[in-house]
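1. Show me how the following folds:
(one chain, ligands or ions: 3)
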Amino acid sequence: MTVLQLTDVIQPAHAAVWLISKPADISKIGLNKAESGYIQESLTGERRQAFLAGPGRTLAVLLKDKADNLSRNAETFRKAAAQLTNWCNENKLGTIQLNDSTDNAHDLLAFAEGMLLANYQFLKYRKNPKKETNTLANIVIVSRSVNASDVAHLRIAAEATCRARDLVNEPLSTLDATALARTFRQYGRDAGFSVEILNRAKIESLKMGGLLAVNAGSDRPPTFTIMEYKPAKARNKKPVILVGKGVVFDTGGYNIKVGNHMETMKCDMAGAAAVGATLWAVAKAKLPVHVIGLVPATDNMVNGSGFVPGDVLTMYNGLTVEVLNTDAEGRLILADALSYGEKYSPELVIDLATLTGAAAAAIGPAGIVCMGTAPEKAKEALKASGTRVHERLAEFPFWDEYDELIKSDVAEIKNIGSAYAGAITAGKFLSHFVKSPWMHFDIAGPAFLASKDAYRPKGGTGVGVRLLFDFFKNYTGA
Ligand code: BES
Ligand code: ZN
Ligand code: ZN
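-> Ligands and ions are numbered 1, 2, ... in the order given. The predicted structure follows:
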């Protein structure tokens, strides 16, 4: 993980990035005449970036756009920071100092965030990882206006995001349900929260019919992980529950995925990764909130005992479900976790899941599809966090008409809808298992990228972690 520090003294020996508001600010950087003349010239016309890479001084200067909207502005800086991160690594820099000519804390923090996130690499399985490791190891914010706790929070949120990315990038062979649960136990030890892992026998005795059905075709046992962070000075009386889909690999089951649809399915535990990483972050930052994370985990495989279309399941809450497609497995394991969560009488429940191709098809990797029954105030707070961290929420309708689409002739409900509104019928399915105020985040679009996008790497993105961390930073209880 790239180290992030805060100081108020410039070290002339180190390379620097300067954010400036107007060309005249070049005079504040401390350059000689020739250098500032060169930078000045480079910033004429449409050009907003200038670079100086010499033996005495390595410098990048960024001329800011007019600040009109804080969130949009922050995203501009994160993206510019991603480009500058590439520049740092191409120039083999080890340390970069970040300065702002007007000492604008907001802009500096957004820029630092972009760099931390962009400098992520997953090199565990490379033959020569040292050779490929980015040179950039230290980011130093030079400022009097940035406060230390903001830097600490930024560091934690970025590290948590990278932890979630690592988990998503890990294949089934090294990260099955048991390994996932053990990783969360390690997170708990590291950050200070309690972790209980329910094994197959316990899951059987609890009659979690959804989780057991999805696991039936697997040679590996399921797990159900309960994480709890409960600080003495929590602002909320009743907990907030996070539920994460932990399908460590989704083959589709007997409705097996065809073509190349299976290729990326190690990503199907991205919801679980976001939940575990968020618990880690909240506990590390000692935020005054009581949070519980629930992760049902299994792979969705086929052997002689796998569940099949037509099977009728009795779920943890007693509801019966007709399985019509074994590839709609996420909602089955989430259903048991959601109804298990009811025993805590939570203030708010949020689930995160790579649940439907329909959500990904609808809005792509640009945002998170959401829906649910939470009060408007909670929805607005979540959307505001999403906008601030640029993990935007797109709320889908949750009209009664969609309930009709999952009625079953055999059981109470069935696990698929009709030809349209696939993301919504999946959400409607989940709604049968949670009575508390609840939001469903379908992260199938942004969880795993086919190619790098600015500060989001190819592969696992860690989506959801920064959103939830921001939400909890601002959470004051219902
Ligand atoms: N894990 C998939 C959803 C998914 C698709 C995640 C693409 C990430 C990228 C989920 O379990 C699934 O297969 N859903 C089916 C549901 C259908 C059978 C009703 C789908 O979306 O096709
Ligand atoms: Zn599936
Ligand atoms: Zn799935």
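2. just checking, residue 176 touches residue 215?
-> No: between residue 176 and residue 215 there is no contact under C-beta atoms under 8 Å: 11.0 Å. Glycine gets a C-beta too; all of them are placed from N, C-alpha and C.
3. more neighbours, those two?
-> Between residue 176 and residue 215, counting by other C-beta atoms under 10 Å, residue 215 is the more crowded of the two (28 against 24).
4. Return the residues in contact with that one.
-> If you count contacts by C-beta atoms under 8 Å, 6 or more residues apart in numbering, residue 215 has them with 177, 200, 221, 222, 298, 299.
5. neighbours around residue 252, how many?
-> Using other C-beta under 10 Å, residue 252 has 19 neighbouring residues.
6. before we move on, the earlier item: so which two of the contacts of residue 215 are the farthest from each other?
-> Pairwise distances across the contacts of residue 215 (C-beta to C-beta) peak at 13.4 Å, for the pair 200 and 299.
7. Looking at those two, which one has more neighbours?
-> Taking neighbours as other C-beta under 10 Å, residue 200 and residue 299 compare with residue 299 leading, 26 against 18.
8. Just to be sure, the more buried one is in a strand?
-> Yes: judged by DSSP: H, G, I helix; E, B strand; the rest coil, residue 299 forms part of a strand.
9. Quick check: the gap between the closest residue to it other than its chain neighbours and residue 269.
-> With sequence-adjacent residues excluded and distances taken as C-beta to C-beta, 6 or more residues apart in numbering, residue 299 is closest to residue 249, at 4.4 Å. The spacing between residue 249 and residue 269, counted by C-beta to C-beta, to the nearest Å, is 8 Å.
10. neighbour count winner among these two?
-> Set residue 249 next to residue 269 and count neighbours by other C-beta under 10 Å: residue 269 wins out with 35 against 22.
11. Would you check how far apart the spatially closest residue to residue 42 that is not a sequence neighbour and residue 66 are?
-> Excluding its sequence neighbours, the residue lying closest to residue 42 (C-beta to C-beta, 6+ apart) is residue 50, at 3.5 Å. As defined by C-beta to C-beta, residue 50 lies at a distance of 19 Å from residue 66.
12. repeat for residue 244
-> Taking C-beta to C-beta as the criterion, residue 244 is separated from residue 66 by 40 Å.
13. Comparing those two, which residue is more hemmed in?
-> The neighbour comparison of residue 244 against residue 66 (other C-beta under 10 Å) goes to residue 244, with 35 against 6.
14. Tell me if I'm right that that one and residue 293 touch.
-> Yes: in this structure residue 244 lies within contact range of residue 293 using C-beta under 8 Å: 6.9 Å.
15. before we move on, the earlier item: joint contacts of residue 176 and residue 215?
-> With C-beta under 8 Å, 6+ apart applied, the overlap between the contact sets of residue 176 and residue 215 consists of residue 299.
16. Could you let me know which of the contacts of residue 215 ends up closest to residue 15?
-> In terms of C-beta to C-beta, no member of these lies closer to residue 15 than residue 177, at 44.9 Å.
17. got the contact list for the nearest residue to the closest one once chain neighbours are set aside?
-> If the residues on either side of it in the chain are set aside, residue 177 comes closest to residue 297, at 3.8 Å by C-beta to C-beta, 6+ apart. For residue 297, the residues meeting the contact criterion (C-beta under 8 Å, 6+ apart) are 177, 180-181, 222-225, 246-248, 269, 272, 333.
18. which among these are in contact with ligand 3?
-> The subset of those lying close to ligand 3, counting by C-beta under 5 Å from the ion, consists of residue 247.
19. Show me the contacts of residue 297 that map onto strands.
-> Mapping those onto strands (DSSP state E) picks out 223, 224, 225, 246, 247, 248.
20. Which of these has the largest number of neighbours?
-> residue 246 (34 neighbours).
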